[in-house]
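1. Give me a model of this one.
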Amino acid sequence: MNDRVGAVGGFLFLVVLGTDGTADAQDKDPLAGVPTASLSAVAMVTPSGPRPSEPFTLTLGSGYGHTESVLGMGDGHHRVKGALAIESALRPWLGLGLRLDGRYDRHSAPGVPDDDGWTGDPRVFARADHAVGAGTSIGARASLWLPGQHAPSITTSAVTPEILGLVSFAPDQSPWVLTANAGYRLDRSAKSAPDAATLSRADRLALGLSAFDAALLGLGALYRRGDLQLFAEWTWDVLLGAGAPSPGSSPMLLGGGLRYGLRRHAALEASVTVSPSARPSTAIDGPLVPVPPSFAITFGFVTWFGGQAPRPAAPVPVVAPPMPADAVEAPAPKAPSGQIRGSVRSFTGRPIDATVRVSPARPDVISAGEVREIRSKDGAFEIEVPPGPYNVTLEAPGYASQTRVVRVEENGVTVLNADLRRAQ
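-> Numbers count the residues shown, from 1 in each chain. Presented below is the predicted three-dimensional model:
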């Protein structure tokens, strides 16, 4: 088997330390939760729309796939796969990233020794998003697949570019997000295996290389409820060019899964996919064609990090009674303090300059119980307050106001990110 080896991402459960201080479940917006356009370890369809406020996103994924007999000899094919990806947001609308996919394939058939091997595929990508109003967001994703014949290596002639257009529709006050993808892959990956005619049919199946370009199509529907998201997807890579398999034999996948938010800055994911497409010819003397597993299950972990560290809390001055002229003045004690920090956006992901009004939820336990009001800038805000429970009201022209309940701990930071609906 071709010995191209890549980094294989493992599925890791990470313990996220610290307290985010978000409100209790009954105080949360039922549509708030994981950003819909976050980088994913398991999803096939790429949405456009609200993205994480943190500058970095990291994903880890792992899964298993099985392919039935496609060689006509009672064979079976098993695949263990892994992925590691990181994306950096250079601007709120622009991100750059790197993804490393790796897999281990094992093939078996009656009367034939088992065959196995490793394959790795690095990719670099860029993504842009733009809200166009009325709950609609458009975007584009450009990527380069960098296959190589040996590890570590890149076969320049095999570098494969891909461009994908994205459009998502998320009506205000609706838990649904609908997404469509369309694009093109200029596939030159087969040039990384010039010795393909000497490989076994099982090895050709494992490589995942293609001698044909592809038109890329995808549809997705996502349902949001707080920290839980459920999604269903369909993708179809229609192979093009002279001698290409029929559209019915081109890779088609149907899938569904879920994503569950862990606190504010992490999520777990899982998906199941099946391939209803017919299987193309895998003859040794034929061109290389991709054959996806007939069944696959994938798990993933996503985290967002790298936000600006909170500024040290400024002490609240304490007014003391006049002291005798000959008395030695003792240092004034610093009152305990905390901070509320967050962002305000529309459901299309556009930052909103909103009025943020903070008032004690229980004035009887707050020494400095006055109502405070600030203005968010480019959707971001932060305010220092004494510890305790607070009502935070967010208002902006043309949007329905929203009130959230938060608790501020001494010397702690409470993070509040809100999406405002359009006013009726």
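2. in stretch 297-305, what's buried?
-> Residues of stretch 297-305 classed as buried under the neighbour-count rule (16 or more other C-beta atoms under 10 Å) are 297, 298, 299, 300, 301, 302, 303, 304. In this view, the C-beta of every residue, glycine as well, is placed from N, C-alpha and C.
3. Format these as JSON lines; extra columns: secondary structure and pLDDT.
-> JSON lines is the format used below for the buried residues of stretch 297-305 (DSSP: H, G, I helix; E, B strand; the rest coil; pLDDT from 0 to 100):
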{"residue": "297", "secondary structure": "strand", "pLDDT": "98"}
{"residue": "298", "secondary structure": "strand", "pLDDT": "97"}
{"residue": "299", "secondary structure": "strand", "pLDDT": "97"}
{"residue": "300", "secondary structure": "strand", "pLDDT": "97"}
{"residue": "301", "secondary structure": "strand", "pLDDT": "96"}
{"residue": "302", "secondary structure": "strand", "pLDDT": "95"}
{"residue": "303", "secondary structure": "strand", "pLDDT": "93"}
{"residue": "304", "secondary structure": "strand", "pLDDT": "89"}
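4. need these in TSV with distance to residue 353, can you?
-> TSV is the format used below for these (distance: C-beta to C-beta, whole Å):
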residue	distance to residue 353
297	44
298	40
299	40
300	35
301	34
302	29
303	29
304	23
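5. going on from the helix or strand of the chain with the lowest mean pLDDT, what's the next piece of helix or strand?
-> Here the helix or strand of the chain ranked lowest by mean pLDDT, DSSP states H and E is helix 201-207, holding a mean of 81. Using DSSP states H and E, the helix or strand that directly follows helix 201-207 along the chain is strand 213-225.
6. ok, and what's touching that next one?
-> 30-31, 33, 36, 43-47, 162, 164, 175-187, 229-241, 250 (C-beta atoms under 8 Å, 6 or more residues apart in numbering).
7. Try it again at 6 Å.
-> 30-31, 45, 175-183, 185-187, 229-241 (C-beta atoms under 6 Å, 6 or more residues apart in numbering).
8. which among the residues you listed end up buried?
-> 31, 45, 177-181, 183, 185, 187, 229, 231, 233-239.
9. taking those one by one, which sit in strands?
-> 177-181, 183, 185, 229, 231, 233-239 (DSSP state E).
10. I'd like to know which of those is nearest to residue 63.
-> Nearest to residue 63, judged by C-beta to C-beta, of these is residue 233 at 15.0 Å.
11. unless I'm mixing things up, that closest one is touching residue 255, no?
-> Yes: using C-beta atoms under 6 Å, residue 233 is in contact with residue 255, at 4.7 Å.
12. Common neighbours of the two, please.
-> In contact with both residue 233 and residue 255: residue 44, using C-beta under 6 Å, 6+ apart.
13. any low-confidence regions in this protein?
-> Residue ranges of the chain with pLDDT under 70: 1-33, 149-153, 263-264, 307-335, 362-369, 424.
14. So it: which segments form each domain?
-> Domain segmentation of the chain under automatic domain parsing yields 25-305, 338-420.
15. now stretch 138-151, how far from the chain's geometric center?
-> 18 Å (C-alpha atoms, centre = their mean, to the nearest Å).
16. likewise stretch 190-208?
-> The answer for stretch 190-208 is 32 Å, by C-alpha atoms, centre = their mean.
17. now do the same end-to-end measure for that stretch.
-> 9 Å (C-alpha to C-alpha, to the nearest Å).
18. And the contacts of that stretch?
-> Under C-beta under 6 Å, 6+ apart, the answer for stretch 190-208 is 1-2, 71, 105, 107, 115, 147-149, 155, 157-158, 209, 211, 282, 288, 290-291.
19. could you point out the longest strand in the chain?
-> strand 112-133.
20. list the helices and strands it packs on?
-> On a contact count with 3 or more C-beta pairs under 6 Å, 6 or more residues apart in numbering; DSSP states H and E, strand 112-133 meets strand 94-109, strand 136-145.
21. what's the closest of the ones you listed to residue 83?
-> Proximity to residue 83 (C-beta to C-beta) singles out strand 94-109 among the helices and strands packed on strand 112-133, at 5.0 Å.
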